[in-house]
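Student: Attaching a predicted model along with its sequence, questions to come.
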Amino acid sequence: MNILKTAFFVALGTNLCSCRPTLKAEDVLPVLDGRFWDIHLNKKQSARWTYLFLRDGTCIRYVIQKDGTVSLYDGGDIILSHEWFLKHDTLSVDDIRFQVMTVLPDTITLRNVLRHDTVKLVKTKRERIKKSLAR
């Protein structure tokens, strides 16, 4: 698995440095598949949400409780697509588009295409949640 991770980051780094990045979902799958990534909106604020990315293009958003446990985020009045995909240097998560800025083994820095703010996805040590809680 370490070879896959290394290959992914080398390929991604090469693509991000070129003029026209050609990122493919296949390059991201070994890193994102089945892992939780906390969303950090800024340095001062702790993560309030975490995503679980699945190989089939499904992403599930959870709320991080104060005690560190997570619960399924229902979106309130917002209808979530529960889908993710990567096209060139743009990662779409729940119909929100992000330009991939930097990729490190445990952190992906993204720029919201519409709002122009920066967010970070930080890999967590959370275990998979039981399927009964997934959706």
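Tutor: Here it is on my side, so go on.

Student: Okay, buried residues for the longest strand along the chain please.
Tutor: Using DSSP state E to define each element, the chain has its longest strand at strand 96-104. For strand 96-104, the neighbour count (16 or more other CB atoms under 10 Å) marks Ile96, Phe98, Gln99, Val100, Val103 as buried. Yep, even glycine has a C-beta here, placed from its N, CA and C like the rest.

Student: export those residues to CSV and tack on distance to His82 and pLDDT?
Tutor: Converted to CSV, the buried residues of strand 96-104 look like this (distance: CB to CB, whole Å; pLDDT from 0 to 100):
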residue, distance to His82, pLDDT
Ile96, 12, 92
Phe98, 16, 92
Gln99, 22, 91
Val100, 20, 87
Val103, 23, 80
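
Student: Just give me the closest of the residues you listed to Gly75.
Tutor: When these are ranked by distance to Gly75 (CB to CB), Ile96 comes first, at 12.2 Å.

Student: Tell me who's in contact with the closest residue to that closest one other than its chain neighbours.
Tutor: In space, and not counting its chain neighbours, Ile96 is closest to Asn112: 6.9 Å by CB to CB, 6 or more residues apart in numbering. Applying CB atoms under 8 Å, 6 or more residues apart in numbering, we find Asn112 in contact with Ile96, Arg97, Phe98, Thr118, Val119.
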